[in-house]
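Asker: any chance you could fold what I've pasted below:
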Amino acid sequence: MDIKYLKILFIGFILFLSSCKSHDQNIQIIHSFLVDVKKSPINYTYIIDKYIVADTSKDKFKRVEWVSLQLTTLHNQIAPISIKKLSIIPYYDLPEKEQKFFNSDGSNDNIYCIKMDEKLIRHILIKDKKIAALMTMNKGGTKIFLGL
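Answerer: Numbers count the residues shown, from 1 in each chain. Predicted coordinates for the structure are as follows:
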């Protein structure tokens, strides 16, 4: 083996490890998020500050209202379920028939699926170690995220 090949192999291995670490961090963020959303009463301000991407809109009240509605819906979905029964699955690990997302930046590396057994609970989009979207809609047979 020549040295150039070994360097490329080494760099590829480092990039792979870096990608795994990023996914592990994202999964931990989502797990902590789910634990906090499951608690009653929901501490909206804490959850928004800790987990949700920073607000860039001018109308902060409407955004907080929109995010709170989504958090309440998620809380109602997972409240009766043990956190231990929820699986957080990276998009690329889903069966091909379940991969129906279009991500505007062309990458689906930051999409995670929350499931209980085989039942879909929610898809979550992560951006810069924060949750960028919790809700999807079906548009022409393809699901797209609705931003927070």
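Asker: can you pull the contacts of Ile27?
Answerer: 88, 90, 112 (Cβ atoms under 8 Å, 6 or more residues apart in numbering). C-beta: built from backbone N, CA, C; applies to glycine.
Asker: so it, which state does it fall into?
Answerer: helix (DSSP: H, G, I helix; E, B strand; the rest coil).
Asker: which residue is nearest the centroid of the chain?
Answerer: Closest to where the C-alpha atoms of the chain average out (Cα atoms, centre = their mean) is Ile124, at 3.0 Å.
Asker: work out for me the element that residue sits within.
Answerer: Applying DSSP states H and E as the criterion places Ile124 in strand 119-127.
Asker: give me the next element, helix or strand, following that strand.
Answerer: Per DSSP H and E, the first helix or strand lying C-terminal to strand 119-127 is strand 130-139.
Asker: what's the offset of that next one from the middle of its chain?
Answerer: 9 Å (Cα atoms, centre = their mean, to the nearest Å).
Asker: next: stretch 114-124.
Answerer: Relative to its chain's centre, stretch 114-124 lies at 11 Å (Cα atoms, centre = their mean).
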